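In: below is the structure, and that's it, no one-letter string:
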């Protein structure tokens, strides 16, 4: 019986998003990264162009010459085994990508920014609304001025870590859907 259960867990763990969810994530990621790059006051490099297990990321160098990156991916999504699973996205800054981006020849890089990370969990229909707010968050953090941060476009719940850092937020709608 235990081996049968282990086999079921393995099969379920292999399931991937359904084609429609893959397409939506890919399109939203592309739009978000393109608009993010256009809105930033510094060069942004977008790696990769299609959906894969190593999703494309957008990266930039901050004022201290540290590499920062943003990754948009499905936190939960419908798949072949659970077609009605909630479709929730996560936007992660300096977290979750787990790989280093190639930077331009001659560009000074003092390594990955390991000092700051942030995650925002949203519904697919909310993510593009957060674009100006995310750009503002990145710029405020880079300037060391959290007081410059604007109000978010959708209400969210903050999940404060043990050290009291503001680094994990869920929109109210995403939080309710995930419960």
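Out: In hand now; what should we look at? These numbers come from a predicted model, not from an experiment.

In: that's a strand at residue 46, yeah?
Out: Yes. According to DSSP: H, G, I helix; E, B strand; the rest coil, residue 46 belongs to a strand.

In: next, work out how far apart it and residue 58 are.
Out: 5 Å (C-beta to C-beta, to the nearest Å). No exception for glycine: its C-beta is placed from N, CA and C like everyone else's.

In: where do the contact lists of the two overlap?
Out: Common neighbours of residue 46 and residue 58 are listed as 33, 37 (criterion: C-beta atoms under 8 Å, 6 or more residues apart in numbering).

In: give me the more crowded residue out of those two.
Out: residue 58 (24 against 17; other C-beta atoms under 10 Å).

In: in which helix or strand would I find the more buried one?
Out: strand 57-61 (DSSP states H and E).

In: helix or strand right after that strand?
Out: Heading C-terminal from strand 57-61 (DSSP H and E), you reach strand 67-76.

In: what's the average pLDDT for that next one?
Out: Mean per-residue pLDDT for strand 67-76: 94.

In: what about that strand, distance to the chain center?
Out: 3 Å (C-alpha atoms, centre = their mean, to the nearest Å).

In: which strands and helices sit next to that strand?
Out: Secondary-structure packing of strand 67-76 (3 or more C-beta pairs under 8 Å, 6 or more residues apart in numbering; DSSP states H and E): helix 19-39, strand 57-61, strand 88-93.

In: save these as a markdown table, and put in distance to residue 119 too.
Out: Below are the helices and strands packed on strand 67-76 laid out as a markdown table (distance: least, C-beta to C-beta, whole Å):
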| stretch | distance to residue 119 |
| --- | --- |
| helix 19-39 | 15 |
| strand 57-61 | 14 |
| strand 88-93 | 5 |
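
In: got these as a markdown table, with mean pLDDT and distance to residue 69 columns?
Out: Output for those, formatted as a markdown table (pLDDT from 0 to 100; distance: least, C-beta to C-beta, whole Å):
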| stretch | mean pLDDT | distance to residue 69 |
| --- | --- | --- |
| helix 19-39 | 96 | 11 |
| strand 57-61 | 93 | 4 |
| strand 88-93 | 96 | 7 |
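
In: what residue is smack in the middle of the chain?
Out: Centroid-nearest residue in the chain: residue 91, 2.0 Å away (criterion: C-alpha atoms, centre = their mean).
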